[in-house]
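Engineer: Sequence plus the predicted model coming up.
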Amino acid sequence: MQDDLVARAAHRADITARAEAQMAALGVDQAFIDRLVETFYGRIHSHERLGPVFEARLSGRWPEHLAKMKAFWGSVAFKNGAYGGKPVQAHQGVEGMQERLFIEWLALFRQTLSDLGANAEAEAWFMATAERIARSLVLALFYNPALDDPARRTS
């Protein structure tokens with residue numbers, strides 16, 4: 001049992017080290033993650049359609065949300081386990097949440113990466129990751145498998 005735990009810890013450390021090396025090669029460090037989160041959510045806050053949805057959910061709790069998002073993106077980028085939340089549950093029941101808002105969220109995220117001067121490889125990595133996250137949330141929040149039932153289709 002002890003050997004198994006040691007092997008798992010070594011494997012985990014190796015995964016984190018490889019992720020850190022990959023991010024360093026992309027020019028991404030924790031300071032970049034912090035700037036990305038602060039800039040992006042500052043823009044979200046003032047966005048005409050996204051802002052009211054976020055504000056309704058986060059009013060008075062923006063600092064905590066920013067800290068959580070820094071931990072989330074740091075965990076995704078560096079594979080360090082810093083985030084332990086449940087994104088789907090956090091987004092369920094959010095007043096005003098609509099599937100189409102994810103397109104605007106992604107466009108704003110891409111613009112923020114560009115404005116921060118992320119190189120093409122870093123931008124591609126973050127956008128691919130953000131698109132996977134958005135797709136996962138859209139499926140979890142809005143997908144109804146009954147609508148895909150061939151027996152219900154009218155042609």
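Structural biologist: Perfect, I can see it now. In this text the structure is predicted, and so the values were computed from the model without any measurement. Numbers count the residues shown, from 1 in each chain.
Engineer: which residues of the chain score low on pLDDT?
Structural biologist: 5-11, 149, 152-155 (pLDDT under 70).
Engineer: all helices of it, in order?
Structural biologist: Remark: helices assigned in the chain by DSSP state H are 2-25, 30-46, 50-58, 62-78, 87-91, 101-115, 120-142.
Engineer: Tabulate those helices (a markdown table), appending mean neighbour count and distance to Asp148.
Structural biologist: (Each C-beta comes from the backbone N, C-alpha and C, glycine too.) Formatted as a markdown table, the helices of the chain follow (neighbours: other C-beta atoms under 10 Å; distance: least, C-beta to C-beta, whole Å):
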| stretch | mean neighbour count | distance to Asp148 |
| --- | --- | --- |
| helix 2-25 | 11 | 35 |
| helix 30-46 | 17 | 32 |
| helix 50-58 | 16 | 27 |
| helix 62-78 | 17 | 29 |
| helix 87-91 | 12 | 20 |
| helix 101-115 | 16 | 20 |
| helix 120-142 | 15 | 12 |
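Engineer: so can I have CSV of those showing distance to Ala151?
Structural biologist: Compiled in CSV, those are given as follows (distance: least, C-beta to C-beta, whole Å):
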stretch, distance to Ala151
helix 2-25, 44
helix 30-46, 41
helix 50-58, 35
helix 62-78, 39
helix 87-91, 28
helix 101-115, 29
helix 120-142, 21
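Engineer: Those: which one's closest to Pro150?
Structural biologist: Pro150 sits nearest to helix 120-142 of all those, at 19.3 Å, using C-beta to C-beta.
Engineer: Check the offset of the closest one from the chain's centre.
Structural biologist: 7 Å (C-alpha atoms, centre = their mean, to the nearest Å).
Engineer: between that helix and helix 30-46, how many degrees?
Structural biologist: 50 degrees (axes from the mean of the first three to the mean of the last three C-alpha atoms, to 10 degrees).
Engineer: and Glu48, what are its phi and psi?
Structural biologist: Per-residue torsions, Glu48: phi -60, psi -30 (degrees, to the nearest 10).
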